[in-house]
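S.K.: Provide a 3D model corresponding to the input given below.
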Amino acid sequence: MRRMVALVAILAAAALTAGACAAEEPGTEPGVPATEATRFESCPVGANVALSGEPAGAPMIPAVTLPCFTGGQSVDLARLGRPAVINLWASWCRPCRAELPEFQRFADAAGDELIVLGVVTGDTRSAAAGVAEDTGITFPAVFDVDESLRRGLGRAGLPITIFVDASGGIRHIYQASQLLTRSTLQTLAREHLGVVV
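M.R.: Numbers count the residues shown, from 1 in each chain. Prediction:
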C-alpha cells in the first residue's frame, strides 16, 4: 500500500513538472504554446558598430529595434552588419502568404550571403505562427505589432520588401502588384545589393 501511495505521489510530481515545462515562452501571447512561437529560426545577431550617417546615395532604414519572434535578443534593423532582404508581411495579407514560400526558397539558397528577415506586421503571434506552419516557412522573423517599420518607411499596405546594404542603407523598396518569386528576388539582390544567390 505504501508503495502505491509513493508511486501516485511520484506520478503527480512528474505531471506538475511536465506542465511547468510546457508553459509559454516569454513574449508569447496568452494561450499560444511555446512550440508555435518557435517555427522560425533564431534572429540574426547584428553588428555592434557605430553607423555614420547615410551611405552614399541611400537613405538609412528607420531606427527600429524589434523583438525576435522566437524570443531572445531584439534586432536593430539598422545594425544587421550584412546585406539583408527584409519582408514585411501579415497573416491577413493574401499576397504576403502567396510570396512566403518563395522567400523561403530564396533564404535557403542565400545561405550566409545575406540575411533574409521577415517582419510580422500588425498581426498576432498566433496567426503568424499558423501561417508559418501552413506555408512551411522557417526563415527568421521579428514581431512589429505597432507597424513601426512600415510607418517609418511612410508606406501603406503590404507586402513590402526592403533591400538593405551592410551599413543599413536602403538600396531598393519593392511594393508592387506583381508577386515576388525566388528568381525575381535573386535578380533584385544582385542588382541592388551586389549579392549573387
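
S.K.: Could I get the full set of helices for the chain?
M.R.: 2-21, 94-110, 125-135, 148-153, 182-193 (DSSP state H).

S.K.: what's the shortest one in contact with?
M.R.: Under the contact criterion Cβ atoms under 8 Å, 6 or more residues apart in numbering, helix 148-153 has outside partners 62-64, 66, 77, 88, 119, 121-122, 144, 156, 158, 160, 162, 173. Where C-beta positions appear, they are placed from N, C-alpha and C, glycine not excepted.

S.K.: and if you look at the second one?
M.R.: The contact list for helix 94-110, computed with Cβ under 8 Å, 6+ apart, reads 85, 87, 89-91, 116, 118, 131, 134-139, 158-159, 179-182, 185-186, 189, 195, 197.

S.K.: To what extent is G157 buried, counted in neighbours?
M.R.: 10 (other Cβ atoms under 10 Å).

S.K.: go on, the one 5 residues further on?
M.R.: Using other Cβ under 10 Å, I162 has 24 other residues around it.

S.K.: If you drop the residues flanking it in sequence, what lies closest to it?
M.R.: I86 (4.5 Å; Cβ to Cβ, 6 or more residues apart in numbering).

S.K.: Not counting residues beside it along the chain, what's closest to G157?
M.R.: Nearest one to G157, counting by Cβ to Cβ, 6+ apart, is Q175 at 7.1 Å.

S.K.: ok, now C93?
M.R.: Per Cβ to Cβ, 6+ apart, closest to C93 is L158, 4.5 Å.

S.K.: Please tell me the pLDDT value assigned to the residue nearest to G157.
M.R.: As predicted, Q175 sits at a pLDDT of 96.

S.K.: Relative to W92, how far out is it?
M.R.: Distance of Q175 to W92, given as Cβ to Cβ, to the nearest Å: 17 Å.

S.K.: How about A128?
M.R.: Computed as Cβ to Cβ, the A128 to W92 distance reads 10 Å.

S.K.: Same question for I86.
M.R.: With Cβ to Cβ as the criterion, I86 and W92 are 19 Å apart.

S.K.: quick one, which of those two is more surrounded?
M.R.: Set I86 next to W92 and count neighbours by other Cβ under 10 Å: I86 wins out with 21 against 14.

S.K.: give the contact list for that one.
M.R.: Per Cβ under 8 Å, 6+ apart, neighbours of I86: 61, 77, 117-119, 161-162, 164.

S.K.: which pair in the residues you listed spans the largest distance?
M.R.: Greatest spacing in those, by Cβ to Cβ: I61 and G118 (15.0 Å).

S.K.: So which of the two has more stuff around it?
M.R.: When I61 and G118 are compared for neighbours, G118 comes out ahead with 29 against 24, by other Cβ under 10 Å.
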